[in-house]
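**Q** below are the sequence and a predicted model; questions follow.
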Amino acid sequence: MSSEPLHNPPRIPEPFPVFDLGTVPYVPMQDLQAELRARVAEGTLAGVLLLLEHEPVITLGSRGSDADVVSPTLVEARGISVRRSERGGASTLHAPGQLVSYPIMPIPRRDLRAYVNSLEQVLINLLATLGVHAERRRGAPGLYVHESKIASVGLRCQRWVASHGTSLNVSVDLTLFDAIVSCGEADLRQTSVLRETGVAPPLRRVKDLYSEAFSDVFGVRLLQTKNVGLRELRALAAAR
């Protein structure tokens, strides 16, 4: 496993605005990403970075299946929805207390492996700031603390434009993961910043740290924006 920074990180176009969406449902966000991805692909939008939390939801990626939901009772009791996702990968869970980041952007140099590595590096740097040492695991995208997973990566790539992105367990209720087979691994356990440090940093601070780390790793100046709602972003996606 390695957490070494990239010597030649891929570059992304500027300006690159950052939007904080608060806590939002999954399906409208997936639809919005498709619209923004189309704008980036046609060249009318350089890209955007969306930072948010999701309402409790299990997402089934291209390798996920209904069989990954192993506790329907827990799903019903905790009000967790189950949704098909256009991203790659297996099944995972999102809920408040987990930072979800969706960079919608051209894949630099069309090097998908380097792009994933860079997304992981952003989180490695962020977690180090919070006192957590996270590492990669060969053949398994995402980040681990010892043998427990603290961050996941899942992407949709179309016309060399990436969407979806990463999720980082900050203070999310880890018992919710008992409802699923995480990432296709029946024995995989999840951890969080709260579990590893005993402290739950405010999500606002974690979002700021993410933006700083993203800027450093990708070598781009980010354009910080005010908090916006889905309606405003839909207007951006529809603009021509």
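**A** Great, that's in hand.

**Q** average pLDDT for the strand with the most length in the chain?
**A** When the chain is parsed with DSSP state E, its longest strand is strand 148-158. Mean per-residue pLDDT for strand 148-158: 96.

**Q** check contacts around the closest residue in space to A67 that isn't next to it in sequence.
**A** Once flanking residues are discounted, A67 sits nearest to V181: 7.8 Å by C-beta to C-beta, 6 or more residues apart in numbering. Where C-beta positions appear, they are placed from N, C-alpha and C, glycine not excepted. Shown in contact with V181 (C-beta atoms under 8 Å, 6 or more residues apart in numbering): 67-68, 70, 90-91, 188.

**Q** can you show me the strands along the protein?
**A** Applying DSSP E to the chain gives strands spanning 16-24, 48-54, 57-60, 81-84, 91-94, 98-106, 135-137, 140-145, 148-158, 161-169, 222-224.

**Q** ok, T197 - contacts?
**A** Applying C-beta under 8 Å, 6+ apart, the residues near T197 are 130-132.

**Q** tell me which stretches of the chain form helices.
**A** Per DSSP state H, the chain has helices spanning 26-42, 72-77, 112-129, 193-197, 203-218, 230-238. These are given in chain order.

**Q** so which of the ones you listed is nearest T59?
**A** Proximity to T59 (C-beta to C-beta) singles out helix 26-42 among these, at 6.5 Å.

**Q** tell me what that closest one is packed against?
**A** When contacts are defined as 3 or more C-beta pairs under 8 Å, 6 or more residues apart in numbering; DSSP states H and E, helix 26-42 packs onto strand 48-54, strand 81-84, strand 98-106, strand 148-158, strand 161-169, helix 230-238.

**Q** out of the ones you listed, which comes closest to R37?
**A** Proximity to R37, assessed across the helices and strands packed on helix 26-42 by C-beta to C-beta, is greatest for strand 161-169 (4.7 Å).

**Q** report the beta-bridge partners for the residue most central in space within the chain.
**A** Geometric centre of the chain, nearest residue: T166, 2.0 Å, by C-alpha atoms, centre = their mean. In this entry, T166 is beta-bridged to S101, V153, by DSSP bridges.

**Q** ok, L51 to V57 distance?
**A** Noted for L51: a distance of 17 Å to V57, by C-beta to C-beta, to the nearest Å.

**Q** neighbour count winner among those two?
**A** Legend: neighbour count by other C-beta atoms under 10 Å for L51 and V57, higher for L51 (24 against 20).

**Q** state the pLDDT value of the closest residue to the more buried one other than its chain neighbours.
**A** Leaving aside its sequence neighbours, L51 sits nearest to K207 (C-beta to C-beta, 6+ apart; 4.8 Å). Turning to K207, the model gives it a pLDDT of 96.
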